[in-house]
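In: Next comes the sequence, and after it the predicted model I'd like to discuss.
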Amino acid sequence: MSPTLRARWLGKVPYHEGEQLQRALHARAADDYLLLLEHPHVFTLGTGADPAHVLVDPASIGATLVRTDRGGDVTYHGPGQLVGYPIVTLPEWRDGLRDVVAYVRALEDVLIDALGTLGVAARRDEKYTGVWVGDEKIAAIGVKVARGRTRHGFALNVDPDLAMFDAIVPCGITDRGVTSVAALLGEAPEMRAVVDAVVTAFAARFGVAAADVERQDVVWRERPEDLSAFTRAAIEGTDLTAAGTPLRLLGRLAEAGVDERAEAKGTRRPEWMRVKASFGDDFRETRKLVHDLDLVTVCEEAGCPNIYECWADRTATFMILGERCTRACGFCLVDTRNPLPPDADEPARVAEAVARLGLEHAVITSVARDDLPDGGAAAFAATIAAVRARTPQTRVEVLIPDCKGEPDALDVLFAARPDVLNHNLETVARLHRAARPSAAYARSLGLLGRAKDQGLLTKSGIILGMGETEAELRGAIADLRNVGVEVLTLGQYLRPSAHHLPVARWWTPEEFAALGAYAETLGFGHVESGPLVRSSYHARKATEGDAAGDAVPVALSVRA
């Protein structure tokens, strides 16, 4: 294993999103990972599964059915069950069954040790894979090892709905039952305590010192009312017109461990955050062109501090699909009223603006459109096509929302072959629920990994100052690099209004320089790190090398 084990509690993650993140880390990560999470109700079929062991239509009980490339038969994943995906290198790996069995036995030992910490005496059964209490299975194991690197893992029943196992023949075993920690102890332990026990046991069993375990968790309690109306409507089938979009920032901040009263000392911005307005001829010409063509720019909508510099350089980031967002992110100024229908003429108008400005590199972004079945993917594809038809020499960068992680929608975007695929992680795992309640840390990482799989140049960004620590930032930067991201932006958060997240810290130019240098050591092709850096800042520079992939020359730019 690598010296550092990056342990991540990711909360509730749809099965396909967890699978994509696993694949990205398996293919590219320089570090070892232990992903810990819960899935919505899903039955999974291993490579040796008998379909007849699924006894009911999964949809009839609110579950999905997925075929996987792990070993084993059919099993169930759902809320109240801790799923663990170790993505680790086995240095002793030799092709052959014995090594796979040894790894499985090590995972069994991890779970037996962790359960012992929780007060449950579990055992191994030499006849069957998994962990047992008496003749009842409490944890299932199914793995895949390729090139000495592991995927898939284990599922520990903490407090799931055990009735869901009645819909299958669990692991193909007809004469054994299933149990849980809650059933054995009479009450469910906190999932946090279970995760702590598993991480400790895993590190000990695989020889990782406690100091070498880098741990990050998303918040432990998620509340449906934190989500945007459109996200709740999709999950609950609620009436969108009556749902509203409460931010509930104080509660979200408290759960993330941030005191909203601890706003950065003094309300005035530091000297390095002050930007002098400059309304030169080029700025005014760009503004007139944008307005004449009835276009929306993120420069204006998000109150970007670099608008004077960029517009004077005849550069703008075009925001398609309107100016109203279906989400309620705690850091963003964009309007959150119900959006208007997409404008079919918008791609042509963006292309015309790109041509008139003579852009070598055009950046196109959008609000989140969770009201659209594809999240706006088709509009991105149409705009990319329109720009290329009008000015074939222009490189096109897209800054996309997550499209709710829907594979078909993302495939439309990837098939359009933008020169740069940018999707911002925005913040560290712990603050994701506070800052992006309708998004997900694992989903964003998995999306970027999928884009890299498609051969696209990938880019992402983090905004600093919402309450994160330096250690958390370094972990998040490493996560981005480990899924294959090549271009990184780091910038200071600016509070748009009193209704948004407070600024917890003003990071200094020197600190940005240090973080940028750290990112450079991880192998990013291009880094923009500075207080005033935004996602599209110096976007063209990131593709001045080989825009096709990893051969982008390293360039560290610190913007004070």
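Out: That came through, no problem. Computed from a prediction, not measured in an experiment: that's the story for all the values here.

In: nearest spatial neighbour of W9, skipping sequence neighbours?
Out: What sits nearest to W9 in space, not counting adjacent residues and going by Cβ to Cβ, 6 or more residues apart in numbering, is D217, at 3.9 Å. Where you see a C-beta, it was placed from the backbone N, CA and C, and this is true even at glycine.

In: Burial check on the one you found, number of neighbours?
Out: The number of residues packed near D217 is 17, by other Cβ atoms under 10 Å.

In: I figured it hits R8, correct?
Out: Yes - judged on Cβ atoms under 8 Å, D217 makes contact with R8 at a distance of 7.4 Å.

In: overlap in contacts of these two?
Out: A429 (Cβ atoms under 8 Å, 6 or more residues apart in numbering).

In: Buried residues of stretch 381-398, list them for me.
Out: Using 16 or more other Cβ atoms under 10 Å as the test for burial, stretch 381-398 gives 381-384, 386-388, 390-391, 394-398.

In: can you give me the end-to-end distance of it?
Out: Length of stretch 381-398, first residue to last, Cα to Cα, to the nearest Å: 10 Å.

In: which other residues reach it?
Out: Contacts of stretch 381-398 (Cβ under 8 Å, 6+ apart): 318, 320, 346-348, 350-352, 354-355, 359-365, 380, 412-413, 415-422, 459, 536, 539-540, 543, 547.

In: from those, which would you call buried?
Out: 318, 320, 346-348, 350-352, 354, 359, 361-365, 380, 412-413, 416, 418-422, 459, 536, 539-540, 543, 547.

In: Output the below-cut-off pLDDT ranges for this protein.
Out: Flagging of the chain using pLDDT under 70 yields the residue ranges 1, 92-98, 222-254, 259-267, 273-287, 289-291, 293-316, 537-560.

In: Which helix runs longest in it?
Out: helix 97-118 (DSSP state H).

In: Show me what that one is packed against.
Out: strand 123-125, strand 128-133, strand 136-146, strand 149-157, helix 181-185, helix 191-205 (3 or more Cβ pairs under 8 Å, 6 or more residues apart in numbering; DSSP states H and E).

In: quick one: the fifth one to chain centroid distance?
Out: This means helix 181-185. Mean C-alpha position of helix 181-185 versus that of the full chain (Cα atoms, centre = their mean, to the nearest Å) differs by 33 Å.

In: hey, C-alpha coordinates of that helix in PDB?
Out: In PDB, the C-alpha atoms belonging to helix 181-185 read as follows (Å, rounded to 0.1, in the frame of the first residue of the first chain):
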ATOM      1  CA  VAL A 181     -25.600  -4.800  14.600                       C
ATOM      2  CA  ALA A 182     -28.900  -3.100  15.700                       C
ATOM      3  CA  ALA A 183     -30.700  -6.500  15.900                       C
ATOM      4  CA  LEU A 184     -28.000  -8.000  18.000                       C
ATOM      5  CA  LEU A 185     -27.500  -5.100  20.400                       C
END
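
In: Of all the residues in it, which ones are buried?
Out: Buried, per 16+ other Cβ under 10 Å, within helix 181-185: 181-184.

In: now, among those, which is nearest to E472?
Out: Nearest to E472 out of those is V181 (Cβ to Cβ; 29.5 Å).

In: what's near enough to touch that closest one?
Out: Residues near V181 by Cβ under 8 Å, 6+ apart: 115, 118, 120, 138, 156-159, 188-189, 194.

In: among those residues, who's most crowded?
Out: L156 (28 neighbours).

In: quick one: contacts for it?
Out: Counting by Cβ under 8 Å, 6+ apart, L156 touches 81-84, 111, 114-115, 131, 138-139, 181, 194, 198.

In: what's across from it in the sheet?
Out: Under DSSP bridges, the beta-bridge partners of L156 are L82, A139.

In: Around the closest residue to A106 other than its chain neighbours, how many other residues sit close by?
Out: Distance criterion Cβ to Cβ, 6+ apart; nearest residue to A106, sequence neighbours excluded, is R205 at 5.7 Å. The tally of other residues near R205 (other Cβ under 10 Å) stands at 17.
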